[in-house]
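Asks: Give me the fold of what follows.
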Amino acid sequence: MRDRIFAVVIFLITIFLLIFMPQIRTGLGQRPMFTQEFALGVVQDVLEEDLTEDPIVAGRYRGIQKISVKILDGSKKNKVYETYNTLSALHNTRAYKDLKAVFTIRTQDEKESIWLYNQKRDTHIYILALGFSFSLIFLGKRQGLKSLLGLVFTCTVIVSLLVPALFAGFASIPISILLVSVVTFVSFILVSGFSRKTYAAILGTICGISIAGLISIIVSYTANLSGVNMEGGEQLLNIAPDYNLKLNGLLFISILIASLGAVMDVSMSVSSSMHEILTIDPSIEKKKLFKSGLNVGKDITGTMSNTLILAFAGTSLPLIMMIWGYGMSLRQFINIPKIVIHIVQGLAGSMGIITSVPCTAFFAAMLPRK
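Replies: Next comes the predicted model:
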């Protein structure tokens with residue numbers, strides 16, 4: 001009964017945060033530089049085009065098109081525009097008759113301009129998210145539904161609380177630790193309920209991600225790294241003066257969030273295994289139970305560390321290929337800030353995973369057995 005009440009409360013909090021997210025953005029004084037709208041439109045006809053095949057990527061073209069567009073929704077619904085669509089190496093959405101795409105309509109000094117922003121892809125995301133949710137609920141039943149609620153709550157906290165708090169000028173390290181701890185507590189309680197193994201996993205996870213964050217702070221300070229060196233950090237410099245945004249703690253926050261899932265997985269695995277051992281042998285000594293937890297953690301840390309490092313390697317694959325393609329030496333690329341950040345993220349997160357094993361084993365052995 002207590003678990004159900006907790007799940008309902010978290011559901012209501014999540015809905016509340018989602019409803020008031022626009023008000024939070026407005027309260028921070030966010031003002032668009034231009035009056036613009038992203039509307040769904042359909043290409044009625046391609047009036048002119050001058051295209052050549054892309055010399056690098058097969059099936060792509062470069063050049064310019066003149067197209068006729070009808071807007072399907074928004075304030076300009078049913079209006080027809082003629083505009084040009086430029087295909088370059090980066091922006092390469094080729095228009096054709098009956099193509100549905102997202103168009104940007106910008107109004108500046110009472111003059112409207114429109115261009116093809118991007119192909120409409122949100123439907124694919126919605127279908128994929130729906131399939132994921134259905135699979136999770138179908139296989140996990142009530143437990144799967146709680147896991148899905150925990151995932152939605154985590155994303156909501158990051159978007160509607162953590163990000164606005166950073167833009168409002170709150171100290172990044174304390175606020176991130178607080179919110180990550182809340183997310184950890186809620187996620188574990190939703191999945192495993194109010195139990196001894198849950199409390200041990202929560203404490204072990206907080207210790208693990210704190211160690212990972214501490215390592216990131218030390219490395220970023222000694223290596224003179226900041227949020228500016230991260231992907232998209234330079235763009236944040238353009239909007240930082242409009243807010244109280246501080247970029248110094250972004251590396252710490254990114255490592256906390258990126259390693260949280262893996263650390264939670266390891267902590268719960270160790271805690272659950274020790275809980276089963278304790279169930280079978282309630283009279284087992286604390287020292288022996290602690291050693292059993294460490295033995296369980298040995299097999300888990302290797303695979304989970306590989307998972308975390310490979311995840312970071314996958315996201316930075318284009319950068320790795322660029323390094324190989326330019327024939328950079330070890331000394332040259334190992335000192336590139338973005339490369340250093342990716343390495344720090346992978347290794348600090350792995351250290352968090354390794355640290356969470358003895359911490360979880362300690363709490364699982366020392367917490368009162370009733």
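
Asks: in this protein, which spans are helices?
Replies: Assigned by DSSP state H, the helices in the chain fall at 2-19, 21-27, 122-157, 163-167, 172-192, 196-222, 233-239, 250-280, 286-315, 317-326, 330-333, 337-366.

Asks: Mean pLDDT lowest where, among these?
Replies: For those, mean pLDDT drops lowest on helix 21-27, to a mean of 63.

Asks: Make a markdown table out of the helices of the chain and add mean neighbour count.
Replies: Any C-beta I mention is one placed from the backbone N, CA and C, and that applies to glycine too. Compiled in a markdown table, the helices of the chain are given as follows (neighbours: other Cβ atoms under 10 Å):
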| stretch | mean neighbour count |
| --- | --- |
| helix 2-19 | 14 |
| helix 21-27 | 13 |
| helix 122-157 | 14 |
| helix 163-167 | 19 |
| helix 172-192 | 20 |
| helix 196-222 | 22 |
| helix 233-239 | 13 |
| helix 250-280 | 22 |
| helix 286-315 | 16 |
| helix 317-326 | 11 |
| helix 330-333 | 11 |
| helix 337-366 | 23 |
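
Asks: can you list these in a markdown table and add distance to Asn78?
Replies: Formatted as a markdown table, the helices of the chain follow (distance: least, Cβ to Cβ, whole Å):
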| stretch | distance to Asn78 |
| --- | --- |
| helix 2-19 | 31 |
| helix 21-27 | 27 |
| helix 122-157 | 22 |
| helix 163-167 | 36 |
| helix 172-192 | 44 |
| helix 196-222 | 52 |
| helix 233-239 | 34 |
| helix 250-280 | 43 |
| helix 286-315 | 42 |
| helix 317-326 | 41 |
| helix 330-333 | 53 |
| helix 337-366 | 46 |
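
Asks: To Leu116, which of these lies closest?
Replies: helix 122-157 (15.6 Å; Cβ to Cβ).

Asks: What is the closest one packed up against?
Replies: Counting contacts by 3 or more Cβ pairs under 8 Å, 6 or more residues apart in numbering; DSSP states H and E, the secondary-structure elements packed against helix 122-157 are helix 2-19, helix 172-192.

Asks: tilt between that helix and helix 172-192?
Replies: Here helix 122-157 runs at 110 degrees with respect to helix 172-192, directions being taken by axes from the mean of the first three to the mean of the last three Cα atoms, to 10 degrees.

Asks: follow-up on the earlier one: so for Gly41, which of the helices of the chain sits nearest?
Replies: With Cβ to Cβ as the criterion, Gly41 lies closest to helix 122-157 of those, at 14.1 Å.

Asks: so what's the backbone phi/psi at the residue of the chain positioned farthest from its centre?
Replies: Residue distances from the centre of the chain (Cα atoms, centre = their mean) peak at Ser283, which lies 43.2 Å from the mean C-alpha position. Dihedral angles of Ser283 (phi, psi; degrees, to the nearest 10) stand at phi -90, psi 10.

Asks: Quick one: residues contacting it.
Replies: For Ser283, no contacting residues are found, by Cβ atoms under 8 Å, 6 or more residues apart in numbering.

Asks: Just give the nearest non-adjacent residue to Ile137, would you?
Replies: Excluding the flanking residues, the one nearest Ile137 by Cβ to Cβ, 6 or more residues apart in numbering is Gly144, at 4.6 Å.

Asks: Roughly how far does Ser283 sit from Leu317?
Replies: Ser283 is 52 Å from Leu317, where distance means Cβ to Cβ, to the nearest Å.

Asks: same thing with Thr360?
Replies: With distances taken as Cβ to Cβ, Thr360 is found 32 Å from Leu317.

Asks: still on that earlier bit, the residue nearest to Ile137 against Gly150, yeah?
Replies: No. Counting by Cβ atoms under 8 Å, no contact exists between Gly144 and Gly150, whose distance comes to 10.6 Å.

Asks: Quick one: closest of the helices and strands packed on helix 122-157 to Thr154.
Replies: Distance to Thr154, taken as Cβ to Cβ, is lowest for helix 172-192 among those, at 4.9 Å.

Asks: CA atoms only: put that closest one into PDB for me.
Replies: Coordinates of each C-alpha in helix 172-192 appear next as PDB, following Å, rounded to 0.1, in the frame of the first residue of the first chain:
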ATOM      1  CA  SER A 172      25.900  23.700 -10.000                       C
ATOM      2  CA  ILE A 173      27.600  21.200  -7.800                       C
ATOM      3  CA  PRO A 174      25.300  21.300  -4.700                       C
ATOM      4  CA  ILE A 175      22.100  21.500  -6.800                       C
ATOM      5  CA  SER A 176      23.200  18.600  -9.100                       C
ATOM      6  CA  ILE A 177      24.100  16.400  -6.100                       C
ATOM      7  CA  LEU A 178      20.800  17.100  -4.400                       C
ATOM      8  CA  LEU A 179      18.700  16.400  -7.500                       C
ATOM      9  CA  VAL A 180      20.600  13.300  -8.500                       C
ATOM     10  CA  SER A 181      20.200  12.000  -5.000                       C
ATOM     11  CA  VAL A 182      16.400  12.600  -5.200                       C
ATOM     12  CA  VAL A 183      16.300  10.900  -8.600                       C
ATOM     13  CA  THR A 184      18.200   7.900  -7.200                       C
ATOM     14  CA  PHE A 185      15.900   7.600  -4.200                       C
ATOM     15  CA  VAL A 186      12.700   7.800  -6.200                       C
ATOM     16  CA  SER A 187      13.900   5.400  -8.900                       C
ATOM     17  CA  PHE A 188      15.000   2.700  -6.400                       C
ATOM     18  CA  ILE A 189      11.900   3.100  -4.200                       C
ATOM     19  CA  LEU A 190       9.600   2.800  -7.300                       C
ATOM     20  CA  VAL A 191      11.400  -0.300  -8.500                       C
ATOM     21  CA  SER A 192      12.200  -2.200  -5.300                       C
END
